[in-house]
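[1] Attaching a predicted model along with its sequence, questions to come.
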Amino acid sequence: MRLYEMTQTLESFRLVDLYMSSHIVHACRMMRHTALLFVVIQMCLAGFAAENDPDKLEWIQLFNGEDLEGWQVKLAGHRLNDNYGDTFRAENGVLKVVYDQYENFDMRFGHIFFEKKYSHYVLKLEYRFLGEQLPDGPEWAFRNSGIMFHSQSPESVKQDQDFPICIEAQLLGGDGSHERTTHNLCTPATHVVMNGELVTNHCVNSTSETYHGDQWVSVVLVVLGADRVEHWVEGQPVLSYEKPQIGGENVHNFDARVKQDGKLLEEGYISLQSESHPVEFRNIELLDLTGCTDRKASNYKSYFIKSDNSKCEYR
């Protein structure tokens, strides 16, 4: 069953028909989640403008469009926040991944981490690929980037570690001729469950269209802790799975204390990738679904799915 239907333009984003599948959690939790998410549907359709309206969606701008405030850079082979070659930069409202100061890629896989971790949320952004891949970049990294989430902290990534232990929403671009889906699933030292079965393949393709050229592509991630994840591309559902967890391979030089096989990934950090092909990101926004559920609090929101009343504020 679909988690939600949505439509998106550059100026507005609506959630429509938001439902939960009965196999995700126990029936009582499902009833509560469905009721809360139905409230999100109604307020998105109606539109609210009241300053302190508990139904007003409070989107968080993760990228301010001017600089990298709130983000930390980690490149393989470099210490934390050594942004070699100015790989990650902010220009004209766009977060860019560029290599104009590189002589060689030299396997410097990079990630730029947002400073805060999240568990239940909706993340949306636009991306596009430009220019040419560095000559010594891996063949598979042609027009390849990703959104890493439920990730280990940037501080716990070792200096020579290539990828963080996390779940990856893989973003790909077409080569002008062949089909190549985007917003796929990849699993660096992780696994997921699909249709009740543990999936140990490193990557699983979505059902998206192929996007050639330098066009902007709009993607959405719906993340509900370890219960369920959905990928959406240009307003269409393309992939879903449950129970993200640590396990498997495809990460090197990690701290063994971090790789706790079988541990469910309930929360984590979000990062964007550098994999040898120039890529740009913009309109990076997050709707946090965790927060104060006490109706007496001034910051109560009716759409919160996960309760954290330590965040409640009272006037």
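    Yep, it's here. Residues are numbered from 1 along each chain as shown.

[2] Beyond the helix or strand encompassing Tyr121, next helix or strand please.
    When elements are defined using DSSP states H and E, Tyr121 is found to belong to strand 120-129. For strand 120-129, the following helix or strand on the C-terminal side (DSSP H and E) is strand 144-151.

[3] quick one: strands adjacent to that next one?
    Partner strands and pairing direction for strand 144-151 (DSSP bridges) are strand 167-172 (antiparallel), strand 269-274 (antiparallel).

[4] Turn these into JSON lines, columns for distance to Val217, mean neighbour count and mean pLDDT.
    All C-beta atoms are positioned from the backbone trio N, CA, C, and that covers glycine. Shown next, in JSON lines, are those (distance: least, Cβ to Cβ, whole Å; neighbours: other Cβ atoms under 10 Å; pLDDT from 0 to 100):
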{"stretch": "strand 167-172", "distance to Val217": "8", "mean neighbour count": "24", "mean pLDDT": "98"}
{"stretch": "strand 269-274", "distance to Val217": "14", "mean neighbour count": "26", "mean pLDDT": "98"}
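
[5] Val98 is nearest to which of the ones you listed?
    strand 269-274 (9.0 Å; Cβ to Cβ).

[6] Output the lowest mean pLDDT helix or strand found in this protein.
    Using mean pLDDT, DSSP states H and E, the weakest-scoring helix or strand in the chain turns out to be strand 13-16, at a mean of 36.

[7] Need the strands paired with strand 144-151 in TSV (columns: distance to Tyr121).
    Converted to TSV, the strands paired with strand 144-151 look like this (distance: least, Cβ to Cβ, whole Å):
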stretch	distance to Tyr121
strand 167-172	13
strand 269-274	9
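
[8] what's the burial count for the nearest residue to Val251 once chain neighbours are set aside?
    Spatial nearest neighbour of Val251, chain neighbours left out: Ala189 (4.1 Å); criterion: Cβ to Cβ, 6 or more residues apart in numbering. When neighbours are defined as other Cβ atoms under 10 Å, Ala189 has 21 of them.

[9] ok, Ala189 touching Asn250?
    Yes. Using Cβ atoms under 8 Å, Ala189 is in contact with Asn250, at 6.2 Å.

[10] joint contacts of those two?
    By the contact definition Cβ atoms under 8 Å, 6 or more residues apart in numbering, Ala189 and Asn250 are jointly contacted by Phe163.

[11] Val192 and Glu115, how far apart?
    Counting by Cβ to Cβ, to the nearest Å, the gap from Val192 to Glu115 is 26 Å.

[12] what does the helix or strand hosting Leu198 rub up against?
    In the assignment (DSSP H and E), Leu198 maps to strand 197-199. Residues from elsewhere that reach strand 197-199 (Cβ under 8 Å, 6+ apart): 187, 191-193, 241.

[13] Okay, and which of the residues you listed map to strands?
    Mapping the contacts of strand 197-199 onto strands (DSSP state E) picks out 191-193, 241.

[14] TSV for the residues you listed, including pLDDT, distance to His277 and neighbour count?
    Listed next are the ones in strands among the contacts of strand 197-199 as TSV, based on pLDDT from 0 to 100; distance: Cβ to Cβ, whole Å; neighbours: other Cβ atoms under 10 Å:
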residue	pLDDT	distance to His277	neighbour count
His191	98	27	21
Val192	98	26	23
Val193	98	31	16
Tyr241	98	26	19
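
[15] Now tabulate these in JSON lines and tack on distance to Asp100.
    Putting the ones in strands among the contacts of strand 197-199 into JSON lines (distance: Cβ to Cβ, whole Å) gives the following:
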{"residue": "His191", "distance to Asp100": "38"}
{"residue": "Val192", "distance to Asp100": "36"}
{"residue": "Val193", "distance to Asp100": "42"}
{"residue": "Tyr241", "distance to Asp100": "37"}
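
[16] residue contacts, Leu62?
    70, 114, 270, 284-286 are the contacts of Leu62 under Cβ under 8 Å, 6+ apart.

[17] Stretch 140-147: end-to-end distance?
    17 Å (Cα to Cα, to the nearest Å).

[18] Which pair of the contacts of strand 197-199 spans the longest distance?
    Farthest apart among the contacts of strand 197-199 by Cβ to Cβ are Thr187 and Val193. That separation is 11.5 Å.
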